[in-house]
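In: Kindly return the folded structure for what I paste below:
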Amino acid sequence: MAQHHPDYATLMRARGFRMTPQRQLILEALGAGGDHLTLEEIYARVQHIAPTLNLATVYRTLDFLCDQRLVATADVGGQKTYELVGEEPHHHLVCRSCGEMRQIDHAALHALCATLDREQNFTMDMEHLVIFGRCSSCRGTAESVASASDTHVLH
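Out: The predicted structure follows:
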């Protein structure tokens, strides 16, 4: 599912902020990544272009971009990762066993949003959600291991 990314410079100006060279570099590094990137991966990418940019600046800039909801962060596989926020919300299913990550469409969670709004009087801010569980392959492996252990009888 391809994400189309908005014109971040225009969005920043509309919100009263400048598009600094550091912000532009980090957004470009994320855009070129096509995947969830760690702070270290983003830092390595911008270092090739701007060797004087330090890790603290990259971290602070990512924090700012997350506050502006231009970048989403998630804990995936025990690591904090970053990803550009597209024009449409999107979400991921992450297998706790093998780490497989699948993107799912926002429409799949529309009913949950509506239920929480109606029953809990709660409106979700949900541009990016990561749901952990087990994929079909790992679930099948876990079920066959459980079945095998259930067949052992002590005499």
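In: Confirm that Phe122 sits in a helix.
Out: No: assessed with DSSP: H, G, I helix; E, B strand; the rest coil, Phe122 is coil; it does not lie in a helix.
In: That one and Leu116 touch, don't they?
Out: Yes: using Cβ atoms under 8 Å, Phe122 makes contact with Leu116 at a distance of 4.8 Å. For every residue, glycine as well, the C-beta is placed using N, CA and C.
In: Could you check which of the two is surrounded by more residues?
Out: Leu116 (14 against 10; other Cβ atoms under 10 Å).
In: Assumed the more buried one was part of a helix.
Out: Yes: membership of Leu116 in a helix is supported by three-state DSSP.
In: check contacts around it.
Out: 122-124 (Cβ atoms under 8 Å, 6 or more residues apart in numbering).
In: Of those residues, just say which sits nearest to His48.
Out: Met124 (37.9 Å; Cβ to Cβ).
In: State the distance from the nearest residue to that closest one once chain neighbours are set aside to Ala107.
Out: If the residues on either side of it in the chain are set aside, Met124 comes closest to Cys113, at 5.3 Å by Cβ to Cβ, 6 or more residues apart in numbering. Going from Cys113 to Ala107 by Cβ to Cβ, to the nearest Å gives 10 Å.
In: how about Ala44, secondary structure?
Out: Ala44 - assigned by three-state DSSP - is helix.
In: how close does it get to Leu55?
Out: Counting by Cβ to Cβ - Ala44 and Leu55 are separated by 10 Å.
In: higher neighbour count, Cys113 and Ala107?
Out: Taking other Cβ under 10 Å, Cys113 and Ala107 do not tie; Cys113 has more neighbours (15 against 9).
In: State the distance from the more buried one to His106.
Out: For Cys113 relative to His106 (Cβ to Cβ), the value is 9 Å.
In: can you check Leu112 too?
Out: Separation of Leu112 from His106 (Cβ to Cβ): 10 Å.
In: who's in contact with Ile42?
Out: 26, 29-30, 33, 58, 62, 82.
In: Inside strands: which ones of these?
Out: Tyr82 (DSSP state E).
In: on that earlier part again, what about Leu112 and His106, which has more around it?
Out: For Leu112 versus His106, the count of surrounding residues by other Cβ under 10 Å is larger for His106: 15 against 12.
In: Now do the same for that one: its pLDDT.
Out: For His106, the pLDDT comes out at 79.
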